[in-house]
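K.L.:
Here's a sequence, model it:
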Amino acid sequence: MSVGGRWAIVTGASSGIGKALALEFAKNGFHVLLTGRNEAALNDVAAECSKQFQVETDIVAADLSVLNSVDRLIVAIGSKPRRYEILVNNAGFGIHGEFAKTSVDQELQLIHVQLDAALKLTKAVLPEMIARRSGRILNVASVYGFAPVPFQAVYSACKSFLVSFSTSLRNELKDTGVSVTVFCPGITQSEFRNRAGISDKHKATGMTAAAAARIAYEGSIRGKAVIIPGILNRLFVFASRVLPGGFYASVVNLINRLRGVST
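P.N.:
Alright, predicted model coming up:
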């Protein structure tokens, strides 16, 4: 696929699914602007994209839990005459534990990263996409966006917001040439669980970040509305739609206990 001078913005690009998405877009000819907290890791990902796929790269180190950092990122995005064809709102982290005992400051940071940053970045790039009638927005949510998740209450609520927001915005943008896709992976082999403080006795289980990114890329380019990779993840979402919410919350809690996820 020849994409000329088109750019993709990828947040949370220093590791995990974000890094894999950066490589996937670069492999398909997109220049990439990468952002995340870890500047050294971003430089490594950018170098890998450039060396393997001969694309242009740029990095903006930013902690998106700080709203001023989001504003600085938006200024950096607008400072160069580039055609931003893709926005990937991937940045995020999890918090695991009893809500009564977890840090409200951390939870507000989680909301800033997963919701505030996604909304502000989408607002920043969307008008130009609509004006040229071309663009893709890829929001990375989770299968937990379809289910209540005890001990990850704020995380799952944020993902539910992203699912609803993406679906609503997609409808608004019908016939504009701009599509919105929400990607909802399940357990993925990445650093995510460590940062969330989750102890999982089956750390090697789940889809690889590279496989998840490939599915997300292909679906977003085709303009799919919702992408749920893997039969088990689709069954999880199906069950969440047919079982009562209170009962399913207990089911999810049981599943996590059987996985060895401590509470």
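K.L.:
What residues of stretch 166-179 count as buried?
P.N.:
Applying a neighbour-count criterion of 16 or more other C-beta atoms under 10 Å, one finds 166, 169-170, 173, 178-179 buried in stretch 166-179. The C-beta positions use only the backbone N, C-alpha and C, and glycine is treated the same way.
K.L.:
which residues touch that stretch?
P.N.:
For stretch 166-179, contacts defined as C-beta atoms under 8 Å, 6 or more residues apart in numbering pick out 122, 126, 129-130, 132-137, 139, 141, 180-182, 220, 223, 225-226.
K.L.:
List buried residues within these.
P.N.:
Judged by neighbour count, with 16+ other C-beta under 10 Å as the criterion, the buried members of the contacts of stretch 166-179 are 122, 126, 129, 135-137, 139, 141, 180-182, 220, 226.
K.L.:
Just send the residues you listed back as CSV, with distance to E107 too.
P.N.:
Putting the buried ones among the contacts of stretch 166-179 into CSV (distance: C-beta to C-beta, whole Å) gives the following:
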residue, distance to E107
T122, 22
L126, 27
M129, 32
G135, 32
R136, 30
I137, 25
N139, 20
A141, 18
V180, 26
T181, 27
V182, 22
S220, 29
V226, 26
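K.L.:
Out of these, which sit inside helices?
P.N.:
When these are checked against helices (DSSP state H), the matches are 122, 126, 129, 220.
K.L.:
measure the closest residue to the third one other than its chain neighbours to S220 for me?
P.N.:
Right, the one you point to is M129. Take M129 and drop its neighbours on the chain: the residue closest to it by C-beta to C-beta, 6 or more residues apart in numbering is G135, 3.0 Å away. In this view, G135 and S220 are 11 Å apart by C-beta to C-beta, to the nearest Å.
K.L.:
Now do the shared contacts for the two.
P.N.:
With contacts taken as C-beta under 8 Å, 6+ apart, G135 and S220 have 86, 179 as neighbours in common.
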